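Colleague: Structure, please.
(one chain, ligands or ions: 1)
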Amino acid sequence: ELSRIPHPPRRLPVLGDVLGASRTKPLQDSLRHARRLGPIFRRRVFNREIVFVGGAALAADMADESRFAKHVGLGVANLRPVVGDGLFTAYNHEPNWQLAHDVLAPGFSRDAMAGYHPMMLAVADRLMDHWDREMAAGRTVDVPEDMTKLTLETIARTGFGHDFGSFERARPHPFVTAMVGTLTYAQRLNTVPSPFLLRRAARRNDRDVAYLNRTVDDLVRARTAGGAGDGDLLDRMLETAHPETGERLSAENVRRQVITFLVAGHETTSGALSFALHYLSRHPDVAARARAEVDRVWGGTAVPGYDQVAKLRYVRRVLDESQRLWPTVPAFTREAREDTVLGGVHPMRRGGWALVLTAMLHRDPEVWGADADRFEPDRFDPQAVRTRPPHTFKPFGTGARACIGRQFALHEATLVLGLLLRRYDFRGDPAYRLRVTERLTLMPEGLRLRLERRAPGA
Ligand code: HEM
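Modeller: From the prediction side, this is the model:
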């Protein structure tokens, strides 16, 4: 079945194709292979054969929900010991997926989002206070670290009525350190033939997971002791019964959902904001156009209202274009629901699966042109979007298991970019070259910006 799928030339008996592969940057390694081997290829990783799809036509075929579904494999499966049948890691057939999905989806409705808006603004104010102080002290700012503080505080407050106090700390909150440890460990498990080789890392991981659990248990205990919140995600998890079956989430499942949302709800948005700020600092023309839009649309209003955020159409294109080049969730996995033929060429058995390399799909020259590697937000103007084939832009995954927090992330990120563009000019270090770290998600490494306040009172 696999015979028509190309693979790298070196085939070693046990190690497969992993020699020479990067242990810390497996995704960027796969991207290099994809550039050489084309729209579909396979690699042997130890004794497992993994099929990678990066071509737009094949990825679109895999978006067909009648023949394919999410596959919980590789890095996502490695998170099962931590978050089990939480929304992100649940198998399609697990009853808790539908239950939690139905109970939590209203937490992302338009009304719910409008309720989060003032809290998002309050957290953004904390970031800008911090940045004002750094600027006054003549220091540059650490973008990924500060974006992580912002997005963690945002999901913690809007979802759980909790304050981690990130901006009052010199170092990242231990929750973030434990989370990064856990994600990194889950990724490393894919790069060794046996978990036995990671014994020491496994012990550290156990401590990290215990810390995550403790944090979440404290948070839930505080809520149940203190009475209901204001109808936030945690209230929904604890109190809402399924509208049809009347079923509720178990205590164990609530714990898994809280960790899932605290992690999925901030780590990826933080990367998306960081990449966007990198590109804005590198493209003064784009930044000027985005700033002009913010000034025009928000005008004299000191505090933008909920409805004024989605009106920042060009800022949103900047975000989309950054997500195109560096989707912070750089891949997702799909499995065949039945025996089928991928793209009319490659037979697949029921249950067979492949990794869709979003980062490659987003650079397929057949769709994005010969200059696909160039940053150009106008690729997302409505006319250009209309003329592109469907399923060619997938930063939030696809189908029934696509991201539940998409609108939340887009609202938060657009709002924050608008506020930062309005307040600051940012300049990168001309010597900086984009390096991307991987811990299942992507993040620009060592990105610092120098800020200047725009016209006083702006
Ligand atoms: C699922 C990306 C923000 C919660 C996903 C998936 C992707 C993704 C690609 C599907 C993964 C797969 O197929 O295996 C992103 C990106 C974000 C973002 C790029 C930010 C820019 C958020 C936020 C939340 C969230 C803000 C919560 C507030 C989730 C959950 C799932 C999910 C719970 C699992 C959904 C399910 O399987 O039913 N996300 N996400 N994400 N995301 Fe997001």
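
Colleague: So which residues on the stretch 351-458 of the chain come close to the ligand?
Modeller: Within the stretch 351-458 of the chain, the positions adjacent to the ligand are 395-397, 401-405, 408-409 by CB under 6 Å from any ligand atom. The C-beta positions use only the backbone N, C-alpha and C, and glycine is treated the same way.

Colleague: rerun at 8 Å
Modeller: Along the stretch 351-458 of the chain, the residues adjacent to the ligand under the rule CB under 8 Å from any ligand atom are 358, 394-398, 400-406, 408-410, 412-413.

Colleague: Could you list the single helix or strand in the protein with the lowest mean pLDDT?
Modeller: helix 74-78 (a mean of 82; mean pLDDT, DSSP states H and E).

Colleague: Show me the contact partners of that helix.
Modeller: Outside helix 74-78, the residues that touch it by CB atoms under 8 Å, 6 or more residues apart in numbering are 50, 88-89, 185-187, 189-190, 333, 355, 440.

Colleague: Neighbour-wise, which one of the residues you listed leads?
Modeller: Within those, Leu440 tops the neighbour count with 25 neighbours, counted by other CB atoms under 10 Å.

Colleague: give the contact list for the residue of the chain found nearest the ligand.
Modeller: Using CB to the nearest ligand atom, the single residue of the chain nearest to the ligand is Gly405, 2.2 Å away. Contact partners of Gly405, counting by CB under 8 Å, 6+ apart, are 108, 261, 264-265.

Colleague: residue ranges for the strands of the stretch 101-250 of the chain, please.
Modeller: Secondary structure of the stretch 101-250 of the chain (DSSP state E, counting those that start in this stretch): strands located at 141-142.

Colleague: Spell out which parts of it neighbour the ligand.
Modeller: Selection of the stretch 101-250 of the chain residues close to the ligand by CB under 8 Å from any ligand atom yields 101, 104, 108, 151, 155, 159, 233.

Colleague: Max pairwise distance over these: which two?
Modeller: Largest separation among these by CB to CB: His101 and Thr151, giving 22.4 Å.

Colleague: Between the two, which has more neighbouring residues?
Modeller: A side-by-side neighbour count of His101 and Thr151, using other CB under 10 Å, places Thr151 first with 28 against 14.

Colleague: Just to check, the more buried one is in contact with His266?
Modeller: Yes - between Thr151 and His266 there is a contact at 3.8 Å, judged by CB atoms under 8 Å.

Colleague: and which of the contacts of Gly405 is nearest Arg317?
Modeller: Phe108 (22.6 Å).

Colleague: contacting residues for the closest one?
Modeller: Shown in contact with Phe108 (CB under 8 Å, 6+ apart): 404-405, 407-408.

Colleague: do you know how far the residue nearest to Leu238 when sequence neighbours are not counted is from His173?
Modeller: Nearest non-adjacent residue to Leu238, counting by CB to CB, 6 or more residues apart in numbering: Val254, 6.3 Å away. Per CB to CB, to the nearest Å, Val254 is found 21 Å from His173.

Colleague: Could you do Arg126 as well?
Modeller: To His173, Arg126 is 14 Å away according to CB to CB.

Colleague: which residues are in contact with stretch 24-44?
Modeller: 2, 5-8, 11, 16-18, 21-22, 49-58, 187, 190-191, 330-331, 342-343, 346, 354-355, 357, 359-360, 364, 436-438, 442.

Colleague: give me that answer again for 6 Å
Modeller: 2, 5-8, 16-17, 21-22, 49-55, 58, 330, 357, 359-360, 438 (CB atoms under 6 Å, 6 or more residues apart in numbering).

Colleague: Can you list which of those residues are found in helices?
Modeller: Counting by DSSP state H, the part of the contacts of stretch 24-44 found in helices is 58, 359-360.

Colleague: Dump these to CSV, plus neighbour count.
Modeller: Formatted as CSV, these follow (neighbours: other CB atoms under 10 Å):
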residue, neighbour count
Leu58, 21
Ala359, 24
Met360, 24
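
Colleague: which residue is nearest the middle of the protein?
Modeller: For the chain, the residue nearest the mean C-alpha position is Thr268 (2.9 Å; CA atoms, centre = their mean).

Colleague: Let me see the contact set for it.
Modeller: Counting by CB under 6 Å, 6+ apart, Thr268 touches 328-329, 441.

Colleague: Closest to Ala63 out of these?
Modeller: For those, the minimum distance to Ala63 (CB to CB) is 15.4 Å, reached by Val329.

Colleague: rewinding a little: tell me which of the contacts of Gly405 is nearest to Val318?
Modeller: Ranked by distance to Val318 (CB to CB), the contacts of Gly405 are led by Gly265 at 21.9 Å.

Colleague: From what I see, the closest one and Ile155 are in contact.
Modeller: Yes - using CB atoms under 6 Å, Gly265 makes contact with Ile155 at a distance of 3.5 Å.

Colleague: Between those two, which is the more surrounded one?
Modeller: Set Gly265 next to Ile155 and count neighbours by other CB under 10 Å: Ile155 wins out with 27 against 23.

Colleague: Now pLDDT too, for the contacts of Gly405, in TSV please.
Modeller: TSV is the format used below for those (pLDDT from 0 to 100):
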residue	pLDDT
Phe108	93
Phe261	91
Ala264	89
Gly265	86
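
Colleague: Would you check which pair of those lies furthest apart?
Modeller: Across the contacts of Gly405, the longest distance by CB to CB is 12.5 Å; it joins Phe108 and Ala264.

Colleague: residue contacts, Ala57?
Modeller: Applying CB under 6 Å, 6+ apart, no residues qualify as near Ala57.

Colleague: What about Gly55? Give its phi and psi, please.
Modeller: Gly55 has phi and psi values of phi -80, psi 140 when expressed as degrees, to the nearest 10.
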